[in-house]
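Trainee: any chance you could fold what I've pasted below:
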Amino acid sequence: MARECMYDNQDVRKYLLSFQVPETIEALLTVLTYYKPKNSLDHALLHLRRIHSGEFTGTTMSWDTFINPEDLPVQRVFKPCFLEQHIFDNPFLRQKHHKQMIIAIEHNSKVQLRKHFQALKEYHVQQLTKREILRKNIMLADKHFTTKLLQRILVVWKDRTKRYTANVEKAIKILLKSLSYTYVSRCFMRWHLFTRDIHWKNNYFQKQAMKQNATSSAEEQGYQSSKDNIEDVDNISRLPPNVAAKIFKYLDLKSRIACSMVCNSWHALLQECTLYTELDLTNVGFDITDGVFSNILRRYKFFLYHIKLENCANISSKCLENLKDCKNLQDIDLSGCNVKAQLLQMLGISCPFVTYLNLSNSKCDDTCFANIAKNFPCLKFLDLSYCEALTEAGFYYLVISKSLKSLAHINLSGCQNVNGNCLANIGQCCIYLASFILDNIPSLTDECISKLAATCGRLRILSLIQAIRITDKGLKYIATNLVHLEKFYFEGNRFVTDNGVAEIMAGKKMQHIHFVDCLRLYDTSLKPCLYSRTLTIINLTDCVRLTDAGIKHILDSPAASYLKELSLTNCIRVGDKSIQKLVNCCANLAYLSIAYCEHVTDVGIAMLATHSTLRMLDISGCSITDYGAGYLRQSPKLEYLSMAECNLITDIGIERMASLENLKYLDISYCTNVSDYGMKMLIYENKCLTHLNIGGCKLITNSTLASVASVCSYLVKLNISEIKNITDKGIRNIRVGCKNLKYLNVSCCPKLNYGSILKLIQRGCTVVHTINSG
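Mentor: Next up is the predicted model:
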């Protein structure tokens, strides 16, 4: 305490410093530390006497004053602050050193933490490496096991086949031994003598008949022979060749080949060149090879105008180059084929009149697009959907070449590299562009739409399905700049609100509106429809926030009387009130979908049944009973009817609606209360059915399929999936009775065997099943 008070007194400090007391003490400590004398006290007194004698008067004391010059150390023994810290006990320095110690400790802890973390990281990396090695070893072991198992199975199979072939050879030898050569030769000689006698007898009687009637019956024989020839000819062969060619023109390539093998007259008719102005190989697909395709082109290359090679992947790109010989080609569909830039260049040079070109799913790149722009001056329709290799460089070539000015329709769906610059380049060069399809491109933003709208002012059709980043700002660009827009398709967006939709709805020339799965749409978005006079098709599927008040805006507009199609699927807040308004206002409505509108009841269906022009109706998932189904018999023009998942409908309701004479498409899937009785009553009254879906109706049995097979001879598609009571007998009846069946779904039918559907597959019918073919 005394020292601190003394240190705090500045006068004391000045006093000590004026007589060089700290320097003197440091010099004494330094000489004692350096020389280390045995009697340190005497040594210190010696130097103090020197100071007292005045030897160092007039000189400044230093730490090395008492050390001999030849023994002078290189480094100072004590630090400059040593005396003040340890002798005078300076609290400021003590606090300073304390802070430095804290900093040092923190630094040390950080270094140690870093070392521990690095060690832990290395340990985890080692563990992950060990796990990866273990996983690879397990995969190798699994692969080795499977190969060994397959080898074992192969060895067993070889042994069995050897035994089987040996047994077959033994059986053949036994059979050959049992048949005597002499017995066979005798049989052959008897047959030969018998046939020779018959031949002689026939010749004899023919000669006698010719001698008797040589004079009088010559003309009668000629007349009779000509009459027999006419009777042997079929009805199609009697027609003029141009009329018969028009009949055969409705057949695909497979059917034409089959018909050419019927008789010589049909074969000659099917060689008519007018049949091959249009060549569609879509249904043939993978069966077409290079040789077959080359032969077709070689024979009919001068008559081909339209060719469709969708998904003909077996045709090589070298064989496709033979298309250059078809100088008159106008429509070319190469979707899913092996298309290269050289092929497009040759086609463009050899076929200058091509107006339609479809290259979807063909891996077309920038070089291919450059050749299209350069070599197809008359092109009006171009489909490049899902050509993901296209980039901005390919579209920039349009600006350089200034080509494709006559292009009116372009489809770039699924081209993920399309951006605003690409759209601007297309708009600048294709000045007559009227239709633009940009589906399934999630990267499109409002900036891209602004560039599109600024350059493509003549657009009449625009599709932006799954453009999930576009907001109201983008729709405003479209409504402001694309004043000629007639059809707009928009789907799967969560950012668009009433403001943007209202801008589109206010278009003066808008005819088709397609807003699907836009969850932020409310009734106010439909207010501009009150002033529309051109709307004919409206699709508002999955817009769950719309109510009867919003639908009223559409039905009160002048366009309501011209409306032909209206889809309100899954608009769960729409009810009978809208249906009543619709029946009174939409006089020309042909298609209506109110599927899963839970508030639509039998009352609404009763009002719909009085509509005179309704042809297609979808009421799946609605709260409809047998009474509502019975009202539908009042719609005689109804051709398409879907009532899936209407669990309140029973056989009574199906029987009541059985008198729909023009019904061609019927879907009552998952109506679990419908049985064979109701289906029989319906089928016998509707013999013109082409599409029937009764999947999930658990009470249906083979009896219904027998009725379908006996009555519905025009049936093309049939769905009987998830019906556990169906057996092979029912499928056999369908195979025998429904000769025109092209599609059959029998998935999840546990009582069926693969053999029952195999003959249908061999006949060309597409069968969807879950049956093990083994």
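Trainee: show me the helices in the stretch 501-650 of the chain, by range?
Mentor: For the stretch 501-650 of the chain, the helices defined by DSSP state H, counting those that start in this stretch cover 548-555, 576-585, 602-608, 626-631.
Trainee: okay, now the unreliable bits of the stretch 201-350 of the chain?
Mentor: Where the stretch 201-350 of the chain drops to pLDDT under 70, the residues are 201-233, 273-274, 283-287.
Trainee: quick one: the helices in it?
Mentor: So, for the stretch 201-350 of the chain - with DSSP H, counting those that start in this stretch - the helices run 218-232, 235-238, 241-248, 253-260, 264-269, 290-300, 317-320, 341-350.
Trainee: for the helix or strand harbouring Arg152, packing partners?
Mentor: Assigned by DSSP states H and E, Arg152 belongs to helix 91-178. Contacts defined by 3 or more C-beta pairs under 8 Å, 6 or more residues apart in numbering; DSSP states H and E place helix 91-178 against helix 82-86. Every C-beta, even on glycine, is put in place using the N, C-alpha and C of the backbone.
Trainee: same thing but at 10 Å, please
Mentor: With contacts taken as 3 or more C-beta pairs under 10 Å, 6 or more residues apart in numbering; DSSP states H and E, helix 91-178 sits against helix 2-8, helix 82-86.
Trainee: quick check: next helix or strand after the first one?
Mentor: What it means is helix 2-8. Downstream of helix 2-8, the first helix or strand assigned by DSSP H and E is helix 10-18.
Trainee: need the CA coordinates for that next one. CSV is fine.
Mentor: What follows is helix 10-18, C-alpha atoms only, in CSV (Å, rounded to 0.1, in the frame of the first residue of the first chain):
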residue,chain,number,x,y,z
GLN,A,10,4.7,12.2,-8.9
ASP,A,11,7.2,14.2,-6.9
VAL,A,12,8.8,11.0,-5.5
ARG,A,13,9.0,9.6,-9.0
LYS,A,14,10.6,12.8,-10.3
TYR,A,15,13.0,12.8,-7.4
LEU,A,16,14.2,9.2,-8.1
LEU,A,17,14.5,9.8,-11.8
SER,A,18,16.5,13.0,-11.3
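Trainee: next, count neighbours for Ala166.
Mentor: By the measure other C-beta atoms under 10 Å, the count of residues near Ala166 is 10.
Trainee: confidence score at it?
Mentor: Predicted confidence (pLDDT) for Ala166: 89.
Trainee: just to revisit the earlier point, among the helices and strands packed on helix 91-178, which gets the worst mean confidence?
Mentor: It's helix 2-8: among the helices and strands packed on helix 91-178, that one has the lowest mean pLDDT, namely a mean of 43.
Trainee: for this structure, give me the ranges with low pLDDT.
Mentor: Residues of the chain meeting the criterion pLDDT under 70: 1-10, 74, 78-97, 178-184, 193-194, 196-233, 273-274, 283-287, 773-774.
Trainee: including distance to Arg76 and mean neighbour count, could the helices of the stretch 201-350 of the chain go into JSON lines?
Mentor: Listed next are these as JSON lines, based on distance: least, C-beta to C-beta, whole Å; neighbours: other C-beta atoms under 10 Å:
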{"stretch": "helix 218-232", "distance to Arg76": "135", "mean neighbour count": "10"}
{"stretch": "helix 235-238", "distance to Arg76": "125", "mean neighbour count": "12"}
{"stretch": "helix 241-248", "distance to Arg76": "117", "mean neighbour count": "14"}
{"stretch": "helix 253-260", "distance to Arg76": "107", "mean neighbour count": "14"}
{"stretch": "helix 264-269", "distance to Arg76": "121", "mean neighbour count": "14"}
{"stretch": "helix 290-300", "distance to Arg76": "98", "mean neighbour count": "15"}
{"stretch": "helix 317-320", "distance to Arg76": "89", "mean neighbour count": "16"}
{"stretch": "helix 341-350", "distance to Arg76": "84", "mean neighbour count": "18"}
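Trainee: of all those, which lies closest to Lys14?
Mentor: helix 341-350 (96.9 Å; C-beta to C-beta).
Trainee: immediately after that closest one, which helix or strand?
Mentor: Next helix or strand after helix 341-350 toward the C-terminus (DSSP H and E): strand 356-358.
Trainee: quick one: contacts for Asn417?
Mentor: Counting by C-beta atoms under 10 Å, 6 or more residues apart in numbering, Asn417 touches Asp366, Cys387, Glu388, Ala389, Leu390, Thr391, Glu392, Ala393, Gly394, Phe395, Ile441, Ser443.
Trainee: for the last one, the count of nearby residues, please.
Mentor: The number of residues packed around Ser443, counting by other C-beta under 10 Å, is 13.
Trainee: find the residue closest to Gly764 in space, skipping its chain neighbours.
Mentor: In this structure, Gly764 finds its nearest non-sequential neighbour in Lys742, 7.5 Å apart by C-beta to C-beta, 6 or more residues apart in numbering.
Trainee: what's the answer for Arg494, then?
Mentor: Nearest to Arg494 is Leu519, by C-beta to C-beta, 6+ apart, at 6.1 Å.
Trainee: what separates the one you found from Glu598, distance-wise?
Mentor: Look at Leu519 and Glu598: by C-beta to C-beta, to the nearest Å, they are 18 Å apart.
Trainee: what about the residue lying closest to Leu16 once chain neighbours are set aside, which SS state?
Mentor: The shortest distance from Leu16 to any non-neighbouring residue, by C-beta to C-beta, 6+ apart, is to Pro22 (6.6 Å). Going by DSSP: H, G, I helix; E, B strand; the rest coil, the secondary structure assigned to Pro22 is helix.
Trainee: and the one 3 residues further on, by the same measure?
Mentor: Ile25 falls in the helix class when you classify it by three-state DSSP.
Trainee: wait, it sits on Ile51?
Mentor: No - look at Ile25 against Ile51 with C-beta atoms under 10 Å: they stay out of range, at 11.6 Å.
Trainee: shared neighbours of the two, anything?
Mentor: Common neighbours of Ile25 and Ile51 (criterion: C-beta under 10 Å, 6+ apart): Met61.
Trainee: pretty sure Asp234 sits against Ile247.
Mentor: No - Asp234 is beyond contact range of Ile247, at 11.9 Å (criterion: C-beta under 10 Å).
Trainee: give me every residue that touches the nearest residue to Leu72 once chain neighbours are set aside.
Mentor: Nearest residue to Leu72 in three dimensions, chain neighbours excluded: Asp64, at 5.8 Å (C-beta to C-beta, 6+ apart). By C-beta under 10 Å, 6+ apart, Asp64 lies in contact with Glu26, Ala27, Thr30, Val31, Tyr34, Asp71, Leu72, Pro73, Arg76, Val77.
Trainee: which one of these is nearest Asn693?
Mentor: Nearest to Asn693 among those, counting by C-beta to C-beta, is Arg76 at 103.1 Å.
Trainee: that's a helix at the closest one, yeah?
Mentor: No - counting by three-state DSSP, one finds Arg76 to be coil, located in no helix.
Trainee: neighbours around the closest residue to it other than its chain neighbours, how many?
Mentor: Spatially, and ignoring its direct neighbours in sequence, Arg76 is nearest to Trp63 (6.0 Å; C-beta to C-beta, 6+ apart). Neighbour count for Trp63, taken as other C-beta under 10 Å: 20.
Trainee: returning to what we had before: redo the helices of the stretch 201-350 of the chain as JSON lines? Include distance to Leu334.
Mentor: Shown next, in JSON lines, are these (distance: least, C-beta to C-beta, whole Å):
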{"stretch": "helix 218-232", "distance to Leu334": "45"}
{"stretch": "helix 235-238", "distance to Leu334": "34"}
{"stretch": "helix 241-248", "distance to Leu334": "26"}
{"stretch": "helix 253-260", "distance to Leu334": "17"}
{"stretch": "helix 264-269", "distance to Leu334": "30"}
{"stretch": "helix 290-300", "distance to Leu334": "12"}
{"stretch": "helix 317-320", "distance to Leu334": "7"}
{"stretch": "helix 341-350", "distance to Leu334": "8"}
